[in-house]
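**Q** build me a model from this:
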Amino acid sequence: MKVGVPKETYPGETRVALVPDVVKTLSTKGVSCLVQQGAGLAAGYPDLEYSAAGATLVPSRQAVLSEADLFVTLRAPMSEDLPLLREGQAIIGTLWPLQEANQPLLKQLAERKVTVLSMDLVPRISRAQSMDVLSSQSNIAGYKAVVLAAADLPKLFPLLMTAAGTIQPAKVFVLGAGVAGLQAIATAKRLGAIVYGYDVRPVVKEQVESLGATFVEIAIEAKDAQDSGGYAKAVSEETQRRQAELLSKTIAESDVVITTALVPGKKAPVLVPAEAVARMRPGSVVVDLAAESGGNCPLTEAGKTVIKHGVTIHGHTNLPATVAFHASQMYARNIAALLQLLLKEGAWALDTSDEIVRDTLATHQGEFVSPRVRQALGLPELKMPEPPKKAEGTTAPKDATAPTQGKGKKQR
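**A** Numbers count the residues shown, from 1 in each chain. Coordinates of the predicted model:
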């Protein structure tokens, strides 16, 4: 198996999909890695470290794509990459196939019979935690959001008692208590701020309070706000409107507001109305981590930092890329964990009866496999094979984990 690591071409993307330590680990498992020269430089990983880890350096992105059996990436392939891709080749990356804008590319990849495993589809179950890219990168985004806010806010975060008098702590309000929100709460608390947290799912109240923050409770009922996979679900427009209305008072009284509310495949819910921003004290800061999906604040401009009503609003769309060294390290470990499940003795072993494989596998042999992808495309449910059963007193056949494609052979 040849695994390729091309240099990322998406604007502003500084991360790299595999780091030298992971390349070294993969090489002990029968996997050879082809790394484009300079692929890891922006993240702090020079070519010499890849060579020392056992990777083969190649001069161009085209060389990586044409020679690799599988290539790993942060972002979806570019349109100019498509002619280089061949039937049976595989891609692992974050392609966001549930978003309507990305589905034409997914269909083109399926037509070319390219196997696509999208890391944003990894189910949120305990067995898949080591592969959960959304969690690892959200952790970084939550941390960096607080650092950005602290740098811009014309106030100090902690309580200070000095000879010049007492400095009151800043008030930070975090909307959304997923991975990014909880990390933001923890970071702001460590910096000494008074922290408030809110989430439409009352079940997270205990987590928010365990970090030393105050959970903001509002009198609305939002049933079924989380799906069986652990992802947030969209609530009604009326519920969103009432949320924003009831949260406005806390927003207006806050020095920093950090928003993290996302619904996979949907436009981000509006939680911070323009009227609430207008009531915030001049110099206050809003960091909108949902900017790429439309923003939790209507004043957010994706990819820009703007000042509205005297309030600084950050609309960064890729905060993990601003901490590229550790973000790449965590992403690469997520990839390596998934590859341990997908490869046996250096060859493909796609067992679609495994929940993780089935949910992550967007396309395979021209078919859309992931139930969530099929639902997003309006396709009927695909019947999946049952897990192989062991007869009592016997062991499973050697090809029990091979792809269920009729012939039962492992794919190289």
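
**Q** could you pull out the strands for the stretch 151-300 of the chain?
**A** Per DSSP state E, counting those that start in this stretch, the stretch 151-300 of the chain carries strands over the ranges 160-162, 165-167, 171-175, 194-198, 214-215, 256-259, 285-288.

**Q** now for the fifth one, which elements pack on it?
**A** In terms of contacts (3 or more CB pairs under 8 Å, 6 or more residues apart in numbering; DSSP states H and E), strand 214-215 is packed against strand 194-198, helix 205-210. (Each C-beta comes from the backbone N, C-alpha and C, glycine too.)

**Q** what's the average pLDDT for the shortest one?
**A** This means strand 194-198. Averaged across strand 194-198, pLDDT comes to 97.

**Q** then the longest one?
**A** The predicted model gives helix 205-210 an average pLDDT of 95.

**Q** now what about it, what contacts it?
**A** Residues from elsewhere that reach helix 205-210 (CB atoms under 8 Å, 6 or more residues apart in numbering): 177, 182, 185, 197, 199, 214-215, 217.

**Q** picking up where we left off before, distance to residue 240 and mean neighbour count added to the strands of the stretch 151-300 of the chain, as TSV?
**A** Shown next, in TSV, are the strands of the stretch 151-300 of the chain (distance: least, CB to CB, whole Å; neighbours: other CB atoms under 10 Å):
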stretch	distance to residue 240	mean neighbour count
strand 160-162	38	9
strand 165-167	37	10
strand 171-175	12	28
strand 194-198	13	25
strand 214-215	19	15
strand 256-259	13	30
strand 285-288	15	29
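
**Q** could I get those in a markdown table, plus columns for distance to residue 243?
**A** Formatted as a markdown table, the strands of the stretch 151-300 of the chain follow (distance: least, CB to CB, whole Å):
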| stretch | distance to residue 243 |
| --- | --- |
| strand 160-162 | 34 |
| strand 165-167 | 33 |
| strand 171-175 | 9 |
| strand 194-198 | 9 |
| strand 214-215 | 14 |
| strand 256-259 | 12 |
| strand 285-288 | 16 |
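
**Q** buried ones in stretch 185-194?
**A** Neighbour-count burial for stretch 185-194, counted by 16 or more other CB atoms under 10 Å, picks out 185-189, 191, 193-194.

**Q** what segments of the stretch 151-300 of the chain are helices?
**A** 179-190, 205-210, 237-252, 274-278 (DSSP state H, counting those that start in this stretch).

**Q** could I get the phi/psi values of the residue sitting furthest away from the middle of the chain?
**A** Largest separation from the mean C-alpha position in the chain: residue 163, at 45.8 Å (CA atoms, centre = their mean). Dihedral pair for residue 163: phi -60, psi -20, per degrees, to the nearest 10.

**Q** quick one: it from residue 156, how far?
**A** For residue 163, the distance to residue 156 equals 15 Å [CB to CB, to the nearest Å].

**Q** same question for residue 65.
**A** Here the criterion is CB to CB. By it, residue 65 lies 50 Å from residue 156.

**Q** neighbour count winner among those two?
**A** residue 65 (24 against 15; other CB atoms under 10 Å).

**Q** how confident was the prediction at the more buried one?
**A** At residue 65, the pLDDT value in this model is 94.
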